[in-house]
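S.K.: Generate coordinates for the sequence data below:
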Amino acid sequence: MAEKPKYLKGQLLLDGGNLVGSWFHRTVVLICDHDEKGAFGLVLNRDSGRKAGDAIIEDLPEQVRELAVYIGGPVQPGAMSFLYTDDYLPDGNVLPNVSLSHSLEDLVAIGDSFSPTQKIRLFAGYAGWAPGQLESEMRRKSWLAVPATPALIFPADPSRLWQEILAPMGWKYRLLANSPDDLSRN
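M.R.: Numbering: from 1, shown residues only. Coordinates of the predicted model:
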């Protein structure tokens, strides 16, 4: 009997030190969808330096205009996606309390709604894998997989997310997390 494939939806993929020189060097990717047709994810720790109000030509709620735009991945950099969470959203489409949307109408509606526990992250572009590609990368140990949580998806400082997840995983990963980005400059 063939082994059922392990899909990684709801997992975070981290560069475990094997992606030096690639676009994904030191990234944390949330896998939002993964099945036999391929995988879709968003890089959580690459800020574009732009605000939503600068990137989207639309009448946006103030809360949304001030959102940082993250580079979700190298595929279709003009494509918009956003993740949102709220204590009142138990049935998320990525994992409990976390949903993904690509709709500008949804973004405006969520931005107009008031909830003190609501969080939104906006992304331009995405990370995509063809059928079997991500499974092959996992077999080659290109990535480390860890379960995602809303706290990791919506951290206070996304720029430190890779280091914060990696460091507690053992001495080897703590050393990697604390090493300079370019080891030749050490």
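S.K.: After the strand or helix carrying Q163, which helix or strand is next?
M.R.: Q163 belongs to helix 161-166 when assigned by DSSP states H and E. Toward the C-terminus, helix 161-166 is succeeded by helix 171-178 as the next helix or strand (DSSP H and E).
S.K.: what about the strands in the chain?
M.R.: Using DSSP state E, the strands found in the chain span residues 11-15, 28-35, 38-43, 47-51, 68-71, 75-85, 98-101, 119-129, 143-147.
S.K.: one step back: could you list every helix and strand in contact with the helix holding Q163?
M.R.: strand 11-15, strand 28-35, helix 171-178 (3 or more Cβ pairs under 8 Å, 6 or more residues apart in numbering; DSSP states H and E). (C-beta placed from N, C-alpha, C; glycine too.)
S.K.: Identify all contacting residues around the first one.
M.R.: Counting contacts by Cβ atoms under 8 Å, 6 or more residues apart in numbering, the residues outside strand 11-15 that touch it are 24-31, 41, 44, 142-148, 152, 162, 165-166.
S.K.: at 10 Å instead, please
M.R.: Residues outside strand 11-15 that contact it (Cβ atoms under 10 Å, 6 or more residues apart in numbering): 22, 24-31, 34, 39, 41, 43-45, 95, 127, 134, 137-138, 142-149, 152-153, 161-162, 165-166, 169, 173, 176-177.
S.K.: Report the buried members of the residues you listed.
M.R.: The neighbour-count test (16 or more other Cβ atoms under 10 Å) marks 24, 26-31, 34, 39, 41, 43-45, 95, 127, 134, 137, 142-144, 148, 152-153, 161-162, 165-166, 173, 176-177 as buried among the contacts of strand 11-15.
S.K.: Report the contact partners of E62.
M.R.: Listed by Cβ under 10 Å, 6+ apart, the contact partners of E62 are 53, 111-112.
S.K.: on that earlier part again, would you convert the helices and strands packed on helix 161-166 into JSON lines that also reports mean pLDDT?
M.R.: Rendered in JSON lines, the data for the helices and strands packed on helix 161-166 read as follows (pLDDT from 0 to 100):
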{"stretch": "strand 11-15", "mean pLDDT": "96"}
{"stretch": "strand 28-35", "mean pLDDT": "97"}
{"stretch": "helix 171-178", "mean pLDDT": "88"}
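S.K.: Sketch out the low-pLDDT regions of this structure for me.
M.R.: Regions of the chain meeting the criterion pLDDT under 70 cover residues 1-5, 182-186.
S.K.: Can you lay out the strands of the chain as JSON lines showing distance to D181?
M.R.: Shown next, in JSON lines, are the strands of the chain (distance: least, Cβ to Cβ, whole Å):
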{"stretch": "strand 11-15", "distance to D181": "11"}
{"stretch": "strand 28-35", "distance to D181": "15"}
{"stretch": "strand 38-43", "distance to D181": "16"}
{"stretch": "strand 47-51", "distance to D181": "15"}
{"stretch": "strand 68-71", "distance to D181": "16"}
{"stretch": "strand 75-85", "distance to D181": "22"}
{"stretch": "strand 98-101", "distance to D181": "29"}
{"stretch": "strand 119-129", "distance to D181": "20"}
{"stretch": "strand 143-147", "distance to D181": "18"}
